[in-house]
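>>> Quick one: sequence and predicted model below, then my questions.
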Amino acid sequence: MSLFTVDPEKCKRDGICAEVCPFHIIDFSDTEAVPKPAEGAEGECLNCGHCMSACPHGALELASMSLSDCTPMGKETAIRPEQLDRLLRGRRSCRVYKDKALSRETLEQLIRMACYAPSGHNVQPTSWRVVYDKGEVLGLAGLTVAFLRGIVADQPDFARSIHADHIVGGWDEGKDLVFRGAPHVIMAHAPEDERTAPYGCVIAQAYVELAAGALGLGACWAGYFNIASQNYPPLQEALQLPEGHQNFGAMMIGHPKYPYHRIPLRNEPRITWR
């Protein structure tokens, strides 16, 4: 089967598909004919869909995905710059949550949006682990505290620099300062030897965080848990990730207990022009 097909009735021979292809594996040397896969294209194609997406005529269809399954884009669905500005600047790390679970459908909606995050060579390395049960969330928080307790004992100066003593002390007082009472945790994991995984997983989780804000939900990166999950064998065993996989970023998620009413200031950007 050919890598892609082109409808000669719809194709306007404008060469857009060939120009946007990341690896330039669409042959449009004969401008009188429709584009075709270049020699060896099957082994180089990323299946990113750029060619299909950029064709304004709907003339090209990849063998790996149906044109009818690809959501149309247009000016009527575009986000205005001021809307995006408000979403990005208004993002807050939520550390106080309502004692109320999210539906599995809502969590899946977040993850499906995050699946469109960019990844190197379109590898899409991220797999997702949702810790849905609040009791299990607390159990993972306890293992994280056990890891931090060891740091407090062995490296007290370093522990104070990352406020690990504060997290441990809060736990001993009955406070979960690891997940801050969030009802759920979303983990992004991937094979530890996949070179695109660290960046791919982090970018995907950033999509989760922004999508959560757009849906009126609260989210926050679980930094202490992330460190512990990569360095503490008892926690790694408890996670039961697929063999060879590593957690590259976890997000606490839930209904925020309090809304935010204004956008605080940030440092001026440090820019160097060349």
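Happy to help now that I have it.

>>> Enumerate every residue touching Ser64.
If you count contacts by C-beta atoms under 8 Å, 6 or more residues apart in numbering, Ser64 has them with Asn47. Yep, even glycine has a C-beta here, placed from its N, CA and C like the rest.

>>> secondary structure class for it?
coil (DSSP: H, G, I helix; E, B strand; the rest coil).

>>> Just to check, His245 is in contact with Ala188?
No: contact criterion C-beta atoms under 8 Å: His245 and Ala188 do not qualify, at 10.4 Å.

>>> Which helix or strand contains the residue positioned nearest the centre of the chain?
What sits nearest the mean C-alpha location of the chain, by C-alpha atoms, centre = their mean, is Ala204, with 1.1 Å. Secondary structure from DSSP states H and E places Ala204 in helix 197-214.

>>> packing partners for the helix or strand just after that helix?
Later in the chain than helix 197-214, the nearest helix or strand by DSSP H and E is strand 218-221. Using 3 or more C-beta pairs under 8 Å, 6 or more residues apart in numbering; DSSP states H and E, the elements in contact with strand 218-221 are helix 197-214, strand 245-254.

>>> could the ones you listed be laid out in JSON lines, adding mean pLDDT and distance to Cys94?
Shown next, in JSON lines, are the helices and strands packed on strand 218-221 (pLDDT from 0 to 100; distance: least, C-beta to C-beta, whole Å):
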{"stretch": "helix 197-214", "mean pLDDT": "97", "distance to Cys94": "8"}
{"stretch": "strand 245-254", "mean pLDDT": "98", "distance to Cys94": "7"}
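
>>> Now do the helices in the stretch 51-200 of the chain.
Remark: helices assigned in the stretch 51-200 of the chain by DSSP state H, counting those that start in this stretch are 81-89, 104-114, 134-154, 156-161, 164-172, 197-214.

>>> Minimum distance to Gly58: which of those helices has it?
helix 104-114 (23.7 Å; C-beta to C-beta).

>>> That closest one: which residues count as buried?
106-107, 110-111, 113-114 (16 or more other C-beta atoms under 10 Å).

>>> Stretch 16-31 now?
Buried residues in stretch 16-31, counting neighbours by 16+ other C-beta under 10 Å, are found at 16-18, 21, 25-26, 28.
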